[in-house]
Structure formats: C-alpha cells, structure tokens
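Chemist: dropping a prediction and its sequence here:
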Amino acid sequence: MTATIVAQQAINGIVLGSLYVLVALGLTLIYGVLVQINFAHADFVTLGAFAAYFFMHVLGGSYLASIGAALVVGAVLGWAINVTIFAPLRRKGSELLPLIATIGVSTIMQNAMLSLFGPVPYAFETPYSQKVFRVAGTFFTLQSVIIIAVSTVTIALLYAFMKFTFLGKALRAVSQDRETAGLMGINPNYLIMLTFILASALAGMGGAMLAPVLVLTPFAGTTVIVKAFAIVIIGGFGNVEGTILAGLLVGLIESFTTQYLDPGLIDIVVFGLLLLMLAFRPTGLVSERREENV
Amino acid sequence: MRKQHVLAVSALSLIASVAFGAANAQDKTIKIGALFPMSGPGAYFGAQDKQGVELALEQLNKDGVNGYKFTVQYEDSACSPLPASQAAKRLIDQYKPDVIIGEECSDATLAIMPIVEQAKTPMINAGSSALKVTDPGNPYTFRIMPNEVMQGVDIATQAYNKLNARTAVLLYENTNAGIGNAKVFKDTFEKLGGKIVADIGFGRDVNDFTSIATRIAGVGKVDVIPTYTLEGQGLKITQALAQAGVVKGGDGPAIQLGTIWLPFGFEQKAGKAALGYVRIVQFDPTDQRDMVKNFVATFKAKFNADPTHINAHAYDQIMLIGDVVKRGAKDAQSIRDQLAATKSFVGVTGSVEFDKNNQNTKMDTIHYMETKPDLSWNALKWN
Amino acid sequence: MSDAAATRQAYRSSPRRYAFLAAALAIAVLPMVLTGNYWQTNLTVCAINVLLALGLDFILGYAGQLNLGQSAFYGLGAYVSTLLITKLGVPFWGAFAAGVAFAGLAGMILALFAVRLRGHYLAIASLGFAVIIHQILLNWISLTQGPLGIYAIPPPPAIAIPGLPVIDFRNPVALFYLVAGFALLTYFILDQLVRSPIGETLTAIREDDISASSLGINAAAWKVFAFGVGAAVGGAAGCFYATFVGTLVPDAFFITESFTILSMVIVGGMGTLIGPVWGAILLTLLPELLRGIGDLRLVVYGVALTLVVLFMPGGLVQAAQLIRSKLTGAR
C-alpha cells in the first residue's frame, strides 16, 4: 500500500512539475538572454489558457488546434509589448525600470482580463481529462500524459534549437556575453525580439496545456508566478536543464509535502529551499553562468 | 350657517391633505446601501448580488410599499477589511442609507459591523457564515442565512444518522469560512462518536488536487468527505477524488458533503464525478412553493440564467426590507426595530425569525441536495 | 547623466527648509477641509502608505537594493505589536516599539542576502522572504489566528496632558494627526540621514558597491543598516495599520502589497524623499476617486505605472521639475 502511495505521489509530482516547467521555461529564456525579470509572464500563460478556451468552446476548434491558437496569441502579444514597452526601456539602460514595467503590464493584463472575462472560474474540459488510466494501483489521466509528452517534445525541440541552429547559438552567445556577441556581427536587438516572441509563445502554449488543470480565472497566473520564479532561480537563471530539474523537484516537493505534512506548508518548504539556495549556491543547481553577474 | 362653514372647511382640509399626501408620497423613499465586492477575486459575488437586488426592487417599486419606493446605492467592498471599511464609511457619509445590505466575506462583514453600529444604521447580512457576526454580534447586524454552527451541527448529525457515516476526512480552504465550518463539523461528529481520519486545509492558490486525493485514498475507510471550498477549486477536488477512486463518482465508497458554495451548474461541469454528492444549499430551485417558482421564472426571464443562492439571498434581503416597511418602518431606527421583531417572514431561501442576537434560527433555510446519476438534484427532505 | 540622477541633483540643490513648516501646516488643516469620516480615514491611509513608501525608498532609492519584500515588514510590525497587546497586555507604545524593532531585525536578516546578491537575485530572494512571512502568518493559526483574523483591536490609549483636553484616538482626526505626525517626524529623520555623510555612503554603494568597497566603505554593514531602517519604518506603518483598521488578517500583507508600495515609490520619484510622499498620496487617493468606474480603475493603475516608467522615470518629482523649469524658463 505505501509503495503504491509513494509511486502515485511521484507520478503526481512529475506531472505537476512538468506544468511548472512549461511556465518557467519561457521565464528562463527571457532572463537568460535579456537579463530581465518578467512579472507579466504568468499573465501570458493565463491569456493563452483563455485563448484556447475561446478557440475551443466558442469557435468550436479542436483542443490540439487551440494549443496552436494560444501559441500564436502569445507570440503576437509578446511582440507587441516588446515593441511598445520593453525595447524603449532597454535603451535607457536601467535594470529596475523594465522590471517595474513588467509589473505594470501584469496589472493591466490581469484587470483587463477581469473586465473582459469576469471573475467566475471557467471550466475547461477536454476529452483527454476525463480518460483515466489505472496501472498497478496508480492512476493518471490522458491529459497528464499529453502534458508530459508535449513538454518533453517542446523541451527537446528547444534544446536542439539552442544547441544546433545558428539562431540558437546566437541566443546563447548573447546571453553569455552581449558585447562580444555584438562584436561578432549578431544584432542583439533582433535576437531579443525573437527571444521575447519565443518565450511568449511558449507561455501561451503552456497556458493551453494548463487550462484543464488550472482554476481558470484572470488571476490564475498569480497562483503560479512566484513559484515559477523560485524554480528559475533554484535551477539557475538562464539555464534550461536547471529549470527542468528544478521544476520537477518542486513538483515532487509539493506532492510529498501534501502527503506527509500539510498542503499549507508547501510554499514555506519551496521558498525555504529557495532562500537556502540563494544563501549557499546562488547560481543554481546546474550553473553555466559565470559568478560575476550574481 | 356655521355648520355648513365647518363642513366646507373640513372638506377643503380633507381634500388638501389628501392632495398634499399624494404629492408627498412620491417623495417617500427608503434608501438602501449595498456593500458588495465588485472588484478582485470576490467580484462574482457582487455581480450576482446586484442581479437579485435589481429583480426585487423592480417588483417592489411597481406598486411601492405603504407609499414608499426603494432606491439603492452600491459600493465596492472588495471582500477585504480595509476596502470594506472605506466603502462603508463613504456610503454612510455620502448616501446616508436607511438600511444596508452586505457583505459576502466574513472578514469584511466583521470589519464593517462597528461602523454601521456607530452610524446607527441596520445591516442585513446573507453571505457570511462566521459565528462572530451574531455571537456576540451587535444590535444593528442581522443575518438571514444560517451560520456555520447551525449548518455544521446539522450536516454532521445528518451524516451520522441518515448516512451512517462513522469516519470523515475534512477538506477545506484556509479561510475564515473554511476553517470555521470544518471545525464545527469536527466537534459535532466526534461528539456523536465519529472519527476524523484526516484534516486537510489548502490555500486558495492550489490548482491541482491529485496529491490531496491520493493522500485521502491512502487513509483507509472513508465514509464522508465534508468539503468546504468555492466553485473553482471545488470542481477540481471532485474530479480528482473521482479519478483517485475515492468517491461514488469514481466508483468509490465515500460521499462528498457540504460546502460553502456550489451553484446549480456544478454537475454539468463535473460530470459523473459529482454522483452522490450531498450538499447544503441555501436556495433550492426545485422547491415547489409558488413563491420560488415565480422567482425562478421571473429571474430567468430577466437575466436568461438560472438563479443561484447568491441571487436568491439578495432578493430576500430586499424583500425583507419591503416586509418591515409594510409593518410600519420608515427610517433607520424603526427599520432596525422591526427587523428585530421579525417572526414570520417567508422568503425564497426559507423563513426568517431572528433570535436575541439577530440570527435567523429557522432551519428551513438549510436545504439538502443529492446529485443523481442524470446529474440533476434530488431534494433530500431532511429539514 | 541619467534622468533619475539629474532629478536627484536638482532636488538636492533647491531650498526646502520651509517645506517642513508647510507640511506640518497642511497636515493640521487638511482634516478641517476634508470633513466626514470617509475622507478623514482616507487621509490616515495616505499617511500609512507614506510611511511604507519612505521605508522602501530608503532601501531602494538611496541604498540601491532591489527590495520586493516590504510587505513582510509591514505585516510583521502589525502582528507583533497586536499580539503583544491582545495576548500579553503590553501597553500600546511598548508594543509599538517592539513591532518596529522586530521588523527592523527581520530587515537586517534579509539584508544578509543582499550582502551577497545583487539585482534580480535579490529581488526574487526578497519576494521569497515575503511569501514565507505571509505563509507563516497564515498557517500558524495557534499564534496569529491566521485567516480567522484578530478583531476589535483597540486604538492607542488616550493621552492626557495636564492643561490640555484629553486626546482620544477613537476620534479619526486625532488618529490622523498621530500617524501623519509620525510620518513627518520619520521624514525629518530620514532627511537628516541622507544629507549627512551616511547618505553619501549609501549613494556610493548604490552606484557601484565594488568600487565603494575599494574606497574602504564596508558595503555589507551599510546595506544591513539601510534594510534595518527601511524595514523598521515599514513595521511602524504596520503597527498603525492594525490599530487603525481594528481588524487584522494575513491577506492584508500578501505580496502584491510589495508591488503597490513599489509603484508608489516609482511614480513619486525614486531616490528623492518627497517623491514617495507624493506617490503614496496619489496612488492611495486615485483608486478612491476612480471608484465610479469599477474594475477599470485597477487597469488605470497599471497604465499609470507603465506610462511613468516609459516616459517619466523620475516620477512626479521629475515632472514637477520639468514644469518648473518650463515656467521659469530656467535650464
């Protein structure tokens, strides 16, 4: 019996962790390349979820297509906000102002969504969330399988992109040393734009994947954003492998804390871990960045 | 000659006073202040309260009551102590209502109570379950909905007796209402001889309940799971419990109970997982009383939706005000006194009789519903 | 020189001695002009927010430390003082001092992270700290009552000075004078601090703490100092909050409060002392004035913040200087 419980909570933790990874990936990308914290990121996730909802339940599209729709919405909005707000701010060279701008954007997005969609939680059902598999005493839904599958494929694609394509290598170059990258003829601004679009598209897509699992209100983003930041730091800012590891770790912490302690303690454990990491190993679990920027 | 003179003068005075009276009748209004959350996460309460209020006002103002018409002013109390206090003060300073209705959230209601008492304006509450609102309460705060003790004691007793439950898992959101309700259930259930095998509180920011459901699946025999949460999380919980094979909807043995609020459309969203769910609702839309049938029909006609208990409560709050005015009240103090004297008001949510703490003690406000396989409600006539 | 730096330069060179008298006068007169329970309590909320903004600005604007945890100090001040009063019967001003001290101490503990981390790492660490404090307040029910809340918190005890009428703090005007007076005093003390060599030290650390160290400045010690002061001021605001609202729930100190306080500092003008005062007043009164438009008022809030950051990063102070220079034709 206990072995089954442990196995089940391990599964729950991995599924939960995959969700967090989907949200945190975009964050880590943005930070890695732009060295910028984006508090509005989770609101892109929420918006992606709503976009998928309307595509599927109002326009009658299929679920898988709605993921694509959310991706497009995320990309377009990311591009628009970068052009109007973040690019002008980066030119001023301040570290703090873009961060505050993301807070402003987040407030605008949340409350605009509240005015548009109202505060009643939307129930996003897909045919996949109803189907349950039972294997050796454990259970999981088809939706979970899809989440893990899509996350894995996305991560693999992203990884391949970063490691093997020219653009990907250029992004890594810019994140490690912007000046030198500039000297090598790579246009940082173009790459930054690309990063933003990519990260926002990821966020939108993440939202569509998450929608059946989230309590879908305009404030859904705030329920995950701070944890997402914790994951990005624990894993190492700008580091994709670290983020994945940290995301899964946090998911497992959640499920096992729920089982053996109390759900109310989850945040304390996760953020306690965060502070410990920052005290003793600020560069994260898997560090690639040089210590200098810490 | 003199007699005719007197007659004429009297006739003229009579005509004059009737004319004057008629003219002034247009000026007699009762001002109702409404403190509801219109922004933030509690905003959907406020939106629904408004609907109920509007329907009731429409009906009352058609003919007026004793020559009085009713007007309302809404202020956003945002479900939280500081904004609620600000909203209450603004309402009282600027609108000077004769009576106030609100709030929904216990924290906010408790913060407002001293303010309305100081302003000597009576307040009717229909949304907060915390005991403190009417115990000790204050002379100016009236609550028409059953408090957490009334609900908790009743549901625990019914579970023990009518469902033969002996083991329970408490599952509740970490708020005033959640913790308070869970504690009452626990105390009553244990006193009857039942056993609480797990006590699980969770934050309002939890999205995924699979871990919690797994934990519950592992504690052994569970007869009932009193669940105190709002719609969004409630849906996820029910689905997770079914997936884990714990509740009837998932071919398990346990029955989910209770809750702070689940609207009529919950089953359609939860699907099969909601089978066998037994809950207290404060408004039974299947009630066969004419008053309820009329309410549902007129509400549907006006808003094109089925009324929830929040709509119904707001409607009753206004109708109760109409009733006290019918009994002769006309300003804040007389409204307060007539409210306190209410013994036999009947609303769509149930009857109202206030005890010495201004708490409505009528148990017909507690309706039990069970979810049937076809996802409709079966009214369990336990009260 | 960047916009913000130019603003600070201009600010320092203009005469401000008369400003304190003017402020004291304004505080004394306002409750007479804005009468009614509603407006008078609004003014007290402004005063509390001014304190919060000043505290944050000292850490962020002057010492340059990216602190997103101000809500934690706010909450600690409120809970520590209230629990001492309600559970141990400690007299108000003793509890007040304890609350302020506790918050200041917590600030210094967070500062230990600031010593090693910069920029965004510190931002997230401070946010994590704020989440932990909020969760402790929420979950440690046996101590704090958690979401059940603490009610009927009494106002400060009346003060009887022989020869004068008794000052009763149940009167909202008296309470306003107390909080606003304290805020003015805090402003005065902070003003003296930043004009002294301490201020220059903090500025040096803000601009480049590695170089500052090479000049013999103990950056670590000064960061701890700045956090301690800023957190203590935030704690004082918390003590006043509890006694003013009379009701204490942990959600009043959720991390979004930190963002609100940050907005006040930025919109007012970071790195000046008068900026946060105006920022706090504006962002407290604006939602009240915009009540008529319901949910959209929070959108306006976010838009205001974004626009300020985009076009006027020095905030209201920068705007005022621009207007003044346009009017006088001076450079």
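Modeler: Ah, there it is.
Chemist: would you state the helices of the stretch 1-150 of chain C in chain order?
Modeler: Remark: helices assigned in the stretch 1-150 of chain C by DSSP state H, counting those that start in this stretch are C:3-13, C:17-33, C:37-57, C:70-88, C:92-116, C:119-139, C:141-144.
Chemist: mind checking if the last one is in reach of chain B?
Modeler: Yes - part of helix C:141-144 sits near chain B under the criterion CB under 8 Å from any CB of the partner chain, namely C:Ile141. For the C-beta atoms, the positions are set from N, CA and C on the backbone; glycine is no exception.
Chemist: can you give me how far that helix is from the chain middle?
Modeler: Computed by CA atoms, centre = their mean, to the nearest Å, the separation of helix C:141-144 from the middle of its chain amounts to 27 Å.
Chemist: returning to that earlier point: okay if I get the helices of the stretch 1-150 of chain C as CSV plus distance to chain A?
Modeler: Shown next, in CSV, are the helices of the stretch 1-150 of chain C (distance: least, CB to the nearest CB, whole Å):
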stretch, distance to chain A
helix C:3-13, 8
helix C:17-33, 27
helix C:37-57, 12
helix C:70-88, 11
helix C:92-116, 6
helix C:119-139, 4
helix C:141-144, 9
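Chemist: put together TSV for these, with mean pLDDT and mean neighbour count on each row.
Modeler: Rendered in TSV, the data for the helices of the stretch 1-150 of chain C read as follows (pLDDT from 0 to 100; neighbours: other CB atoms under 10 Å in any protein chain shown):
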stretch	mean pLDDT	mean neighbour count
helix C:3-13	60	16
helix C:17-33	79	12
helix C:37-57	91	26
helix C:70-88	95	26
helix C:92-116	91	21
helix C:119-139	87	24
helix C:141-144	90	14
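Chemist: these: which one's closest to A:Ala160?
Modeler: Among the helices of the stretch 1-150 of chain C, the nearest to A:Ala160 by CB to CB is helix C:119-139 (27.9 Å).
Chemist: from the contact counts, what lies against that closest one?
Modeler: Packing contacts for helix C:119-139, counted by 3 or more CB pairs under 8 Å, 6 or more residues apart in numbering or on different chains; DSSP states H and E, involve helix A:220-235, helix A:266-280, helix C:70-88, helix C:92-116, helix C:141-144, helix C:256-268.
Chemist: nearest to B:Gln233, of those helices?
Modeler: When the helices and strands packed on helix C:119-139 are ranked by proximity to B:Gln233, the top entry is helix A:220-235, at 10.5 Å, counting by CB to CB.
Chemist: what angle separates that closest one from helix C:256-268?
Modeler: Between the axis of helix A:220-235 and that of helix C:256-268 there is an angle of 90 degrees, by axes from the mean of the first three to the mean of the last three CA atoms, to 10 degrees.
Chemist: helix A:220-235 - contacts with which helices or strands?
Modeler: Helix A:220-235 packs on helix A:2-34, helix A:41-53, helix A:96-117, helix A:240-260, helix A:266-280, helix C:119-139, going by 3+ CB pairs under 8 Å, 6+ apart.
Chemist: what strand or helix carries B:Ala34?
Modeler: Here B:Ala34 is covered by strand B:29-36, with elements defined by DSSP states H and E.
Chemist: so where's the stretch 101-250 of chain C uncertain?
Modeler: Using pLDDT under 70 as the threshold, the predicted model of the stretch 101-250 of chain C has low-confidence ranges C:209-210.
Chemist: neighbours around C:Ile189, how many?
Modeler: Here the neighbour count serves as a burial measure; for C:Ile189 (other CB atoms under 10 Å in any protein chain shown) it reads 13.
Chemist: please see if the strand holding B:Ala34 touches chain A.
Modeler: No - contact of strand B:29-36 with chain A is not found when judged by CB under 8 Å from any CB; the minimum separation is 12.6 Å.
Chemist: now the helices and strands packed on helix C:119-139 as CSV including distance to B:Val324?
Modeler: Compiled in CSV, the helices and strands packed on helix C:119-139 are given as follows (distance: least, CB to CB, whole Å):
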stretch, distance to B:Val324
helix A:220-235, 43
helix A:266-280, 47
helix C:70-88, 37
helix C:92-116, 42
helix C:141-144, 39
helix C:256-268, 41
